[in-house]
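>>> This is a predicted model, with the sequence first.
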Amino acid sequence: MIRAEPSQCSDVQAPHPALCKDVRQVGGERSGGAMRAVTVLGLEGSANKVGAGLVRDGRVLSNPRRTFVPAPGHGFLPGQTARHHRGCVLDLVRQALREAQLQPAQLDCVAYTKGPGMGAPLVTVAVVARTLAQLWNKPLVGVNHCVGHIEMGRLVTGAHNPTVLYVSGGNTQISNDPSPGYNIEQMAKKGQKLVELPYTVKGMDVSFSGILSHIEEAAHKMLASGECTAEDLCFSLQETVFAMLVEITERAMAHCGSREALIVGGVGCNVRLQEMMGIMCAERGARLFATDERFCVDNGAMIAQAGWEMLRSGQQTPLEESWVTQRYRTDEVEVTWRD
Ligand code: MG
């Protein structure tokens, strides 16, 4: 499996040495016969992370972010999350510029997450992006969050033409200390018994409906009778859900004759998912690409990178169209930057 360098496991990260070199051959704009680098500021805040990242021609110059963490047992609500983002987004922009040693005048574009995501946090970050773009007289580019994940994964791993498994999910009322997915992953490592759970795959469609209800109903009985442990249930949940994802990814690869798979999205950090995907890819003679939480988890650089691609292909978002939308499907995006 091809992965980015190990994470420094911090929410506010310095640029990693591995990314301070070109990871692929891309060029800037031609100006008077010489190639000029194109630098994009990306702002992300569609869920509980808010980040500002700077990307210049395939190099991540800076990528600080912060996370809104509600009290244990509570999910992140839009209003509270937006307040959090409002309180730190400008600090993050300053930090990103400082770490990259850049002035606003050296930027070429401000990219922001147009959607999908939670309304209030999206609006908060879009207002900042619009304001900065007007203050600095830079073009705006509204980016689809999911496309940002995919473009970041491609940049970091160097995957050429992968089948992409995009796995994401954040808002939940499961105890969130430090985060629901991480907690389940850690408990699952201690589980041993596979409890049968609903497994629904039809063609390329999966359904997760009923799985948690099944666990809730069964858990009390099974835990009381000693049939299984909470760790076993976490283990079973992961094994079942991930098996469904691996199955449809393999089917997509078979249909397309694909020899590469790329996992993106916050759940893509899960080591067991990467392991299961790795086994499937090895059996098919394919390569698996994955990133760690610096780039899997929502961040500003992924929006900057997608914005860079869009800007280079001539896309800009006029001010009057720089709204946000909570429902913004990936397949609504016109991809003008790839053949
Ligand atoms: Mg995301």
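Received it, and whenever you're ready, just let me know what you need.
>>> hey, let's count contacts and neighbours off CA atoms from now on
Noted.
>>> so where is the stretch 101-250 of the chain shaky, pLDDT-wise?
170-174, 176-178 (pLDDT under 70).
>>> all strands for it, in order.
109-115, 140-144, 163-166, 200-202, 205-207 (DSSP state E, counting those that start in this stretch).
>>> Ranking those strands by mean neighbour count, which comes first?
strand 109-115 (a mean of 30; mean count of other Cα atoms under 10 Å).
>>> between that strand and strand 140-144, how big is the angle?
Per axes from the mean of the first three to the mean of the last three Cα atoms, to 10 degrees, the angle that strand 109-115 makes with strand 140-144 is 30 degrees.
>>> Could I get the CA-only coordinates of strand 109-115 as CSV?
Provided in CSV are the C-alpha atoms of strand 109-115 (Å, rounded to 0.1, in the frame of the first residue of the first chain):
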residue,chain,number,x,y,z
CYS,A,109,-7.0,32.7,-5.4
VAL,A,110,-9.2,32.0,-2.4
ALA,A,111,-11.0,28.7,-2.5
TYR,A,112,-13.7,27.7,-0.1
THR,A,113,-16.1,24.8,0.6
LYS,A,114,-19.3,25.4,-1.2
GLY,A,115,-20.9,22.2,0.1
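>>> which residues sit against it?
Strand 109-115 has contacts (Cα atoms under 8 Å, 6 or more residues apart in numbering) with 39-46, 122, 125-126, 129, 132-133, 138-145, 303-304, 307, 311, 322-328.
>>> mind listing what's buried in stretch 231-242?
For stretch 231-242, a neighbour-count test (16 or more other Cα atoms under 10 Å) marks Glu231, Asp232, Leu233, Cys234, Phe235, Ser236, Leu237, Gln238, Glu239, Thr240, Val241, Phe242 as buried.
>>> Restricted to helices, list these.
Glu231, Asp232, Leu233, Cys234, Phe235, Ser236, Leu237, Gln238, Glu239, Thr240, Val241, Phe242 (DSSP state H).
>>> roughly how far apart are the spatially closest residue to the second one that is not a sequence neighbour and Gly314?
Meaning Asp232. Ranked by Cα to Cα, 6 or more residues apart in numbering and with sequence neighbours excluded, the top spatial neighbour of Asp232 is Gly191, at 4.0 Å. Counting by Cα to Cα, to the nearest Å, the gap from Gly191 to Gly314 is 51 Å.
>>> now Ile248
34 Å.
>>> Comparing those two, which shows the higher neighbour count?
Ranked by neighbour count (other Cα atoms under 10 Å), Ile248 and Gly314 place Ile248 first, with 18 against 10.
>>> Quick one: residues contacting the more buried one.
Val201, Gly203, Met204, Asp205, Val206.
>>> For Arg287, state which of those residues is nearest.
Met204 (20.7 Å; Cα to Cα).
>>> show me where the stretch 151-300 of the chain has helices.
Taking DSSP state H, counting those that start in this stretch, the helices of the stretch 151-300 of the chain run over residues 180-188, 211-225, 230-256, 271-284, 293-296, 300-312.
>>> buried stuff in the second one?
Under the neighbour-count criterion of 16+ other Cα under 10 Å, helix 211-225 has Ile211, Ile215, Ala219, Met222 buried.
>>> Wait, the second one touches Leu233, no?
Yes - under the criterion of Cα atoms under 8 Å, Ile215 lies in contact with Leu233, with a separation of 7.4 Å.
>>> Can you pull up the most central residue in the protein?
Nearest to the geometric centre of the chain sits Gly265, at 3.7 Å (Cα atoms, centre = their mean).
>>> quick one: contacts for it?
Gly265 neighbours (Cα under 8 Å, 6+ apart): Cys146, His149, Tyr166, Val167, Ser168, Cys296, Val297, Asp298.
>>> mind running it again at 7 Å?
His149, Tyr166, Val167, Ser168, Cys296, Val297 (Cα atoms under 7 Å, 6 or more residues apart in numbering).
>>> Quick check on it: phi, psi?
For Gly265, the backbone dihedrals (degrees, to the nearest 10) come out as phi 100, psi 160.
>>> Got the confidence number for it?
You'll see Gly265 listed with a pLDDT of 86.
>>> Would you mind measuring from it to Tyr328?
For Gly265, the distance to Tyr328 - Cα to Cα - is 16 Å.
>>> Local confidence estimate at Thr67?
94.
>>> OK, contacts around the closest residue to it other than its chain neighbours?
Nearest residue to Thr67 in three dimensions, chain neighbours excluded: Lys49, at 4.5 Å (Cα to Cα, 6+ apart). Applying Cα under 7 Å, 6+ apart to Lys49 gives the contacts Arg65, Arg66, Thr67, Phe68, Asp298.
>>> dump the residue contacts of Leu54.
Leu54 sits in contact with Thr39, Val40, Leu41, Gly42, Val60, Leu61, Ser62, Asn63, Ala96, Ala301, Ala304, where contact means Cα under 7 Å, 6+ apart.
>>> that's a helix at it, yeah?
No - looking at Leu54 with DSSP: H, G, I helix; E, B strand; the rest coil, it is strand, so not inside a helix.
>>> beta partners for it?
Leu41, Ser62 (DSSP bridges).
>>> if you skip the residues just before and after it, what's nearest to Leu122?
Nearest non-adjacent residue to Leu122, counting by Cα to Cα, 6+ apart: Ser46, 5.0 Å away.
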